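Visitor: Build the 3D model from these lines:
(chains A and B)
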Amino acid sequence: MPGPALVFDRVSLQLGGTQILDAVSFRVEAGALHCLVGPNGGGKTSLVRALLGQMPHSGVIRIEGEVTGPLGYVPQLLDFDRNVPMTVNDVMALLGQRKPAFLGPARSARAASAAALERTGVASKGNAPFGGLSGGERQRVLLAQALTPAPWLLVLDEPTAGIDAPGVHVVEELVAELHARGVTILWINHDVEQVRRLAQCVTGINGRVLFHGAPAEVLGRTRSPYAVEADA
Amino acid sequence: MTPLYTFIRDHLQALAASGSLPQPFQYEFVINALLCALLIGPLLGVLGSMVMIKRMAFFSQAVGNAAMTGVAIGVLIGESFTSPYVSMFGFCLLFSLTLKYTQHRTSLPNDTLIGVFLSISLAVGASLLLFVSAKINTHVMESVLFGSILAVDHTDMNVLLVVTVICAIVGLPLYNGMLLASLNPSLARARGVSVRVVDYVFVVLVTLVTVACLKIIGAVLVEALLLIPAAAARNISRSLGELVSRSIVIAAFSCFVGILVPMQFQLPVPTGGAIVLAAAAVFIVTAIVRATASRFRGASV
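Guide: Here you go, the predicted model:
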């Protein structure tokens, strides 16, 4: 059974008096791998934050279909004091259990957490300080947390930005695997080649919808999604 | 709870009389204060580590200052001079919730906003205290500002116990959510955490703990005891578990030392000051340990 469809219907939002999104409407099909592209400041992350209920907006964001599990979310970065003594296992516990993380991993969550870290290639880092990891390793941990428990909808906010080639490969492999399982994936992505290779559908956003459709149709042969804006 | 307090006190006093415990244990008020310290340690240890991670030290200072206004209001409306808890809890909760509400609705940086609120509460508190100072003796003022174990009675112990129970029942199940909300609100939201609700709950818990600890530590120094044990523990911790457990031990240890040492050596130091000095000494030791032990130097980047 595929994950749910997502409908953005005339979504508008303002931040500090500036119009960030203006009547953005598009649909993410159930079980699709859907990419959002557009320039920095174009409103992609704001749209995701609105989806998560973090930004007040007008218009409707609707989830259509059966919701059978949690929403997985991989943020662009985890803005925190890197000197705070917190291990990778602490971060996984913080995100994956009700028992206070300082009391250690819950028995029920331990196996799933270890498997997710294994899947993203950072199993050996469980007891390492999270703040001491490289950017790529941190991103893999954030990806691992989104896999526990198995999501029905996965929202990725530039998970491959600033990570090395093996890291990108892990992310692509995982995304392909989840897509094959029917998980609906909404992926903010700047890599046009990656979008062209992996996505079923792409929406270009810069305050409004610039284009929407199959990557081969709307991206053409451009290397930059911003070039499409001029053609749109 | 009075029979339980009496039972514990009688036993400890008997041990002190037989020479098994130091001489200060003969005094009822010392045992009362030590029983409070047993609760304050875990309370400040757990909450303090979160205050540090969430960078809200300045906020607890503002609440401490608001408590002075609460005391003055209590005296004005005829509450007990020594335990004006209705006014203190009432005013401090109003103060902290208004501050949080404003925080959510302004673009001012957090430290600026807290600074504004802190200044207002200090000004109002100082003015009102001077206004009511004729009605109360200076020892009451001193105990509010710097803490006094002489002033700790069963009411204070009961208040602290109730606040501890509330923190355990409300705070522990929401601990992960409260921490997550400060690390990444969107991620917290995706995990089903109501970010705004846990923000308000945390503010309420910090306020309750600050007011409940006031009699022992004092309005001026209560923020220090929320912060210093957590900062000292951070120097020698590599995980969240180590941070919280060591923070609890350091907070409890500081309270015990700060209460007992001035009594034992008859030093004219207010309890709050002695407790904070003990915590500061531990902080210095842990800072040296961190600087010299590679295990802890490697814990951060």
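Visitor: Could you check which helix or strand contains residue 11?
Guide: Just going to use chain A. Secondary structure assignment for A:Val11, by DSSP states H and E: strand A:5-15.
Visitor: ah, no, chain B please
Guide: Assigned by DSSP H and E, B:His11 falls in helix B:2-17.
Visitor: Show me the shaky parts of the chain.
Guide: Answering for chain A, as no chain was given. A:68-69, A:221-232 (pLDDT under 70).
Visitor: oops, chain B please
Guide: B:297-301.
Visitor: Alongside chain A, which residues does it contribute?
Guide: B:46, B:49, B:53, B:55, B:107, B:172-173, B:175-176, B:179-180, B:182-187, B:189-192, B:195, B:234, B:237-245, B:298-301 (Cβ under 8 Å from any Cβ of the partner chain). C-beta: built from backbone N, CA, C; applies to glycine.
Visitor: what are the ranges of the strands in chain A?
Guide: A:5-15, A:18-28, A:33-37, A:58-64, A:71-74, A:153-157, A:184-188, A:201-205, A:209-213 (DSSP state E).
Visitor: Find the one among these with the highest mean neighbour count.
Guide: Among these, the stretch with the highest mean neighbour count (mean count of other Cβ atoms under 10 Å in any protein chain shown) is strand A:33-37, at a mean of 26.
Visitor: Tell me the spacing between the closest residue to B:Val206 other than its chain neighbours and B:Leu118.
Guide: Residue nearest to B:Val206 in three dimensions, not counting chain neighbours: B:Ser60, with 5.6 Å by Cβ to Cβ, 6 or more residues apart in numbering or on different chains. To B:Leu118, B:Ser60 is 10 Å away according to Cβ to Cβ, to the nearest Å.
Visitor: any common contacting residues for these two?
Guide: Residues touching both B:Ser60 and B:Leu118 (Cβ atoms under 8 Å, 6 or more residues apart in numbering or on different chains): there are none.
Visitor: Please say which of those two ends up with more neighbours.
Guide: Neighbour count, other Cβ atoms under 10 Å in any protein chain shown: between B:Ser60 and B:Leu118, B:Ser60 has more, with 26 against 21.
Visitor: Is that one in contact with B:Leu226, as I believe?
Guide: Yes. Using Cβ atoms under 8 Å, B:Ser60 is in contact with B:Leu226, at 5.0 Å.
Visitor: who touches both of the two?
Guide: With Cβ under 8 Å, 6+ apart, B:Ser60 and B:Leu226 have common neighbours B:Val51, B:Val206, B:Thr210.
Visitor: burial measure for whichever residue of the stretch 51-200 of chain B sits closest to chain A, as a count.
Guide: For the stretch 51-200 of chain B, the residue closest to chain A is B:Ala190, as judged by Cβ to the nearest Cβ, at 3.5 Å. Neighbourhood size, B:Ala190 [other Cβ under 10 Å]: 27.
Visitor: what's near enough to touch it?
Guide: Contacts of B:Ala190 by Cβ under 8 Å, 6+ apart are A:Leu52, A:Pro70, A:Leu71, A:Gly72, A:Tyr73, A:Val155.
Visitor: Just give the closest residue to it, not the sequence neighbours.
Guide: Using Cβ to Cβ, 6+ apart, the nearest residue to B:Ala190 is A:Tyr73, at 3.5 Å.
Visitor: what does A:Glu172 give?
Guide: A:Leu198 (6.6 Å).
Visitor: before we move on, what about B:Ser254?
Guide: B:Ala279 (3.8 Å).
Visitor: ok, and what's touching the helix or strand containing the one you found?
Guide: Element membership for B:Ala279 (DSSP H and E) is helix B:271-292. Contact with helix B:271-292 is made by B:33, B:146-149, B:216-218, B:220-222, B:224-225, B:228-229, B:231-233, B:235-236, B:250-251, B:253-255, B:257-259, B:261-262, B:267, B:269, B:296-297, as judged by Cβ under 8 Å, 6+ apart.
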